[in-house]
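J.: I'll drop the sequence and a predicted model, then ask my questions.
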Amino acid sequence: MTNILISFLFMVLFFGCATPSIGEFRAANRDKISKLSLEMGLTKQEIFHIMGTKEIKAMGLTITNPYRSEILTSDDGKTFEVLYYYTEVRKADDNISDDELTPLVFEDNKLIGWGWNFLYNIVEKYEIVFEKKT
């Protein structure tokens with residue numbers, strides 16, 4: 001009986017501390033983004049808390065949360081920060097392309113929207129030079 005209990009505890013510790021798979025990582029990001037609301041008035045720091053800042057290494061890739069970020073500035077000086085989170089897989093290769101990421105857009109440190117359509121609307125509205133990476 002003691003051996004069974006020890007085996008059970010070992011399995012709980014081993015599997016409880018296991019690194020998530022890339023698929024679990026993407027699914028967790030999608031799930032967390034689906035629960036965001038603009039009414040919450042979330043700051044970038046609050047998004048880091050919600051989304052986490054984990055890093056996983058799998059299949060020769062190192063994936064961080066957020067995967068990358070960038071600052072977009074219009075000609076009239078309006079600035080937006082974009083955090084990109086890994087949420088999809090389109091092509092099973094060693095590259096993560098933009099269509100596998102979900103952008104979260106911030107203005108004055110507040111989340112104002114997310115998704116490619118939202119980002120493209122901002123880029124168009126403020127005539128920002130923007131090049132999608134593939």
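T.: Everything's here; your move.
J.: so where's this protein uncertain?
T.: Applying pLDDT under 70 to the chain picks out residues 1-19, 133-134.
J.: Correct me if wrong: residue 132 contacts residue 100.
T.: No. Counting by C-beta atoms under 8 Å, residue 132 does not reach residue 100; the two are 12.0 Å apart. Where you see a C-beta, it was placed from the backbone N, CA and C, and this is true even at glycine.
J.: Which strand residues bridge residue 58?
T.: Per DSSP bridges, the residues bridged to residue 58 are residue 61.
J.: Near it, how many other residues are there?
T.: 13 (other C-beta atoms under 10 Å).
J.: the more surrounded of residue 132 and residue 100?
T.: Neighbours per residue (other C-beta under 10 Å) separate residue 132 from residue 100, with residue 100 holding more: 17 against 11.
J.: which one is residue 21 nearest to, not counting chain neighbours?
T.: For residue 21, ignoring the flanking residues on the chain, the nearest one in space by C-beta to C-beta, 6 or more residues apart in numbering is residue 58 at 6.7 Å.
J.: I'd say the one you found and residue 24 touch.
T.: No. The pair residue 58 / residue 24 is not scored as a contact, 10.1 Å apart, by C-beta under 8 Å.
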